[in-house]
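Chemist: Sharing a model prediction with you, sequence too.
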Amino acid sequence: MSAAYKEDEEDWLTVCLKYLLFVFNFLFWVGGAAVLGVGVWTMVEKSNYLSLLASSTFAVSAYILILAGSLVVVTGFLGCCAVIREQRSCLSMYFFLLLLIFLIELVAGVLAYVYYQRLSDELKEHLNQTMTENYAQQGKETITAAVDRLQQDFKCCGSNNSQDWMLSVYIRSEESGNRVVPDSCCKTITPDCGRRDHPSNIYKVEGGCITKLEQFLADHLLVIGAVGIGVACLQNRIATMTRTQSNYLDFLW
């Protein structure tokens with residue numbers, strides 16, 4: 001009778017631990033979905049300005065999050081299969097992938113934090129040069145589109161102010177048609193509206209586009225960093241609890 005009771009107790013523990021593993025796996029999935037969502041959102045919505053940056057760290061951080069989120073989908077499926085089929089080899093692979101995802105997310109978060117620290121210096125050093133030397137030049141269509149969208153989205157004109165455009169290769173060329181600023185500086189874009197730089201016609205924002213873009217990117221780098229490091233630590237904690245329960249299941253199996 002005692003042997004039968006002990007066997008029933010072990011079966012009950014096995015079922016409970018399996019359900020707990022499923023719950024932890026679901027929480028792991030939720031964290032992965034958050035990471036994947038932030039990565040995709042960053043690349044889809046914010047990729048327009050990447051051509052204006054001197055380094056690719058911002059994009060790399062987002063791509064790493066997308067990679068980590070995608071791995072979570074595969075890992076979560078593998079974890080479910082391992083628990084259902086009671087396959088120890090699958091569980092071993094599962095925990096290896098958990099560790100790999102933790103490291104990947106941590107790297108993305110650290111990269112975002114490091115880049116956040118030097119973002120201001122990079123923009124001040126390179127943005128004005130990029131805008132004045134590459135705007136409306138042959139083969140630089142991506143940068144031209146990015147500058148136009150930047151000035152319209154943030155209602156600004158020029159890197160530091162509208163006077164920066166006086167040094168522009170485009171404005172000093174015949175192709176400008178006597179414009180003093182690009183038409184994208186205008187509050188209401190009409191053909192050749194950039195010929196007049198009066199405040200009633202163009203955006204004149206204190207600090208220019210650098211201040212606007214810096215704040216915009218800094219906010220998103222903080223999101224990437226927080227999600228990368230925060231979710232990685234949370235998932236590491238979940239992985240530790242899952243590993244403990246899995247060891248006990250190995251004992252029962």
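Modeler: Looks like it came in fine.

Chemist: okay, Asn160: pLDDT?
Modeler: At Asn160, the model reports a pLDDT of 90.

Chemist: doesn't it fall inside a strand?
Modeler: No - looking at Asn160 with DSSP: H, G, I helix; E, B strand; the rest coil, it is coil, so not inside a strand.

Chemist: May I have the secondary structure class of Tyr49?
Modeler: The three-state label given to Tyr49 by three-state DSSP is helix.

Chemist: contacting residues around it?
Modeler: Ala146, Arg149, Leu150, Leu213, Phe216, Leu217 (Cβ atoms under 8 Å, 6 or more residues apart in numbering). Where C-beta positions appear, they are placed from N, C-alpha and C, glycine not excepted.

Chemist: From Val110, how far out is the third one?
Modeler: Taking Cβ to Cβ, to the nearest Å as the criterion, Leu150 is separated from Val110 by 28 Å.

Chemist: Looking at those two, which is more packed in?
Modeler: Taking neighbours as other Cβ atoms under 10 Å, Leu150 and Val110 compare with Leu150 leading, 21 against 15.

Chemist: Please, which helix or strand holds that one?
Modeler: Per DSSP states H and E, Leu150 falls inside helix 141-153.

Chemist: just for the chain, where's the confidence low?
Modeler: By pLDDT under 70, the weakly predicted segments of the chain are 1-18, 21, 46, 79-91, 234-253.

Chemist: Give me the distance from the helix or strand encompassing Ile104 to the chain's centre.
Modeler: Using DSSP H and E, Ile104 maps to helix 88-134. The chain centre lies 8 Å from the centre of helix 88-134; the measure is Cα atoms, centre = their mean, to the nearest Å.

Chemist: what does stretch 166-182 give?
Modeler: The answer for stretch 166-182 is 35 Å, by Cα atoms, centre = their mean.

Chemist: Dihedrals phi and psi, Cys186?
Modeler: With angles defined as degrees, to the nearest 10, Cys186 sits at phi -70, psi 140.

Chemist: And for it, the neighbour number?
Modeler: 21.

Chemist: Kindly report the same for Ser61.
Modeler: For Ser61, the tally of surrounding residues (other Cβ under 10 Å) stands at 27.

Chemist: Strands along the chain, start to end?
Modeler: Taking DSSP state E as the test, none of the chain falls into strands.

Chemist: Pull the number of nearby residues for Lys203.
Modeler: Slight slip there: residue 203 is Tyr, not Lys. Considering only other Cβ under 10 Å, Tyr203 is surrounded by 20 other residues.
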